[in-house]
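Engineer: how does the following fold in three dimensions:
(one chain, ligands or ions: 2)
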Amino acid sequence: MKRIILGNTGLEINRMGFGGIPIQRVKEKEAVDTVLHAIRSGVDFIDTSRAYNTSERRIGRALKETDGKVVIASKSQSKSADGLLKDLETSLKELQVGHIDLYQTHFVRDEKDYRAVIGPNGALEGLLKAKDQGLIHHIGLTSHSLDLLDTVIEEGLFETVMACFSFLEPAAEDNVIPKALAKNIGVIAMKSFSGGMIDNSRLALKFALSRPGVVLIPGVENKDLFDENWKIFESGAWELTPGEEAEIAEIRKKADRVFCRRCDYCQPCTEHIPIQHILGIKSMVKRMGPEFLERGMIKAGLELALNCTQCGECAARCPYGLPIPELIRENLEWVEDLESEL
Ligand code: SF4
Ligand code: SF4
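Structural biologist: Ligands and ions are numbered 1, 2, ... in the order given. The predicted structure is shown next:
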């Protein structure tokens with residue numbers, strides 16, 4: 001089935017939408033043209049965030065040039081009601097719309113974050129107030145933690161959840177996806193390409209589309225890449241062949257030593273190194289461009305990583321057996337080489 005109703009929001013959309021991250025890394029015109037092309041090709045769900053810099057503005061410009069009907073989702077990383085409402089005001093202005101169909105509390109890291117979100121003066125209060133005022137129509141939550149999403153689904157305060165889901169990170173289908181669907185909570189699958197680790201779009205999209213019930217939001221920065229993805233969606237032929245299953249097994253094997261699942265079980269690091277950010281640096285630069293290295297949090301993380309003592313305590317805690325100290329060293333060398341070329 002190509003169409004889906006997004007849980008109890010009642011929103012009916014295609015199972016493949018458009019993610020707003022990559023359009024940040026091209027010039028404004030190319031970004032706007034890509035979004036417009038996607039809408040004209042049939043995309044009717046676009047997801048973005050306050051955190052994606054120019055993304056909302058560019059999507060807003062594209063929306064102005066079409067009367068195509070599109071369900072818009074955006075997000076705020078603020079955990080307070082006031083902060084979220086301030087972000088929402090900016091989102092509405094940037095997107096040039098009177099309301100946003102789905103507004104999500106973005107990147108709720110753990111139980112502590114979640115309690116802040118749903119507690120007094122938390123982001124949830126802001127979401128509900130905005131919903132009452134008609135500024136947003138539905139509310140959702142995004143997290144990289146499956147444990148947390150399990151709690152979120154259990155408590156049922158949000159209409160949608162967004163979880164990482166790809167053939168390198170398939171764990172959401174064990175519990176989070178079926179549990180959410182059983183409670184009629186909409187599931188948006190992020191990182192179908194595992195943040196750039198998977199470079200075979202056919203395999204990535206077929207894997208996720210072959211699992212019913214979830215909406216994908218692969219992002220692209222140009223029309224050709226969009227067409228490549230859309231063709232796979234439109235074909236409706238998503239069942240993986242035995243040959244494709246074997247290709248996936250091969251990619252999984254290769255990724256096994258290097259792919260960080262961002263679970264943070266390796267923490268705490270005595271040197272306060274944000275291990276997952278350092279391990280994911282190559283794929284993030286691939287997605288966001290070298291400017292990514294200039295972001296405050298990343299720059300500070302890279303500086304901390306220089307203090308890595310190679311003690312190995314983190315590696316002993318990683319459930320995936322990643323050789324963390326070695327990977328930190330390799331990635332720092334890679335960043336150094338990249339910076340010397342710029
Ligand atoms: S090896 Fe490096 S990253 Fe790991 S705990 Fe020790 S100092 Fe931290
Ligand atoms: S290095 Fe291992 S434990 Fe740490 S976040 Fe990545 S996958 Fe999780």
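
Engineer: quick one: contacts for Cys318?
Structural biologist: Going by Cβ atoms under 8 Å, 6 or more residues apart in numbering, Cys318 touches 265-266, 324. From N, CA and C alone the C-beta is placed, and that goes for glycine too.

Engineer: swap in 6 Å and give it another go.
Structural biologist: Residues near Cys318 by Cβ atoms under 6 Å, 6 or more residues apart in numbering: Cys266.

Engineer: phi and psi next, for it.
Structural biologist: Here is the backbone geometry of Cys318 (degrees, to the nearest 10): phi -70, psi 120.

Engineer: next one: it relative to ligand 2, how far apart?
Structural biologist: Going from Cys318 to ligand 2 by Cβ to the nearest ligand atom, to the nearest Å gives 3 Å.

Engineer: kindly report the same for Ile298.
Structural biologist: Distance from Ile298 to ligand 2, by Cβ to the nearest ligand atom: 16 Å.

Engineer: count the neighbours of that residue for me.
Structural biologist: Residues near Ile298, counting by other Cβ atoms under 10 Å, number 19.

Engineer: any idea what Ile100 is bridged to?
Structural biologist: Beta bridges link Ile100 to Ile136 when assigned by DSSP bridges.

Engineer: correct me if wrong: it contacts Ala73.
Structural biologist: No: Ile100 lies out of contact with Ala73 (Cβ atoms under 6 Å); the separation is 7.2 Å.

Engineer: and the pLDDT at the residue in the stretch 1-150 of the chain that ligand 2 sits nearest to?
Structural biologist: Nearest to ligand 2, among the residues of the stretch 1-150 of the chain, is His144, at 9.4 Å (Cβ to the nearest ligand atom). Listed pLDDT for His144 reads 92.

Engineer: tell me which of Ile100 and Ala73 has more neighbours.
Structural biologist: Ala73 (30 against 23).

Engineer: tell me the SS of that one?
Structural biologist: Secondary structure assignment for Ala73 (DSSP: H, G, I helix; E, B strand; the rest coil): strand.

Engineer: which SSE is the nearest residue to it once chain neighbours are set aside in?
Structural biologist: Take Ala73 and drop its neighbours on the chain: the residue closest to it by Cβ to Cβ, 6 or more residues apart in numbering is Leu102, 4.0 Å away. According to DSSP states H and E, Leu102 maps onto strand 100-105.

Engineer: from the contact counts, what lies against that strand?
Structural biologist: Under the contact criterion of 3 or more Cβ pairs under 6 Å, 6 or more residues apart in numbering; DSSP states H and E, strand 100-105 touches strand 71-76, strand 136-142.
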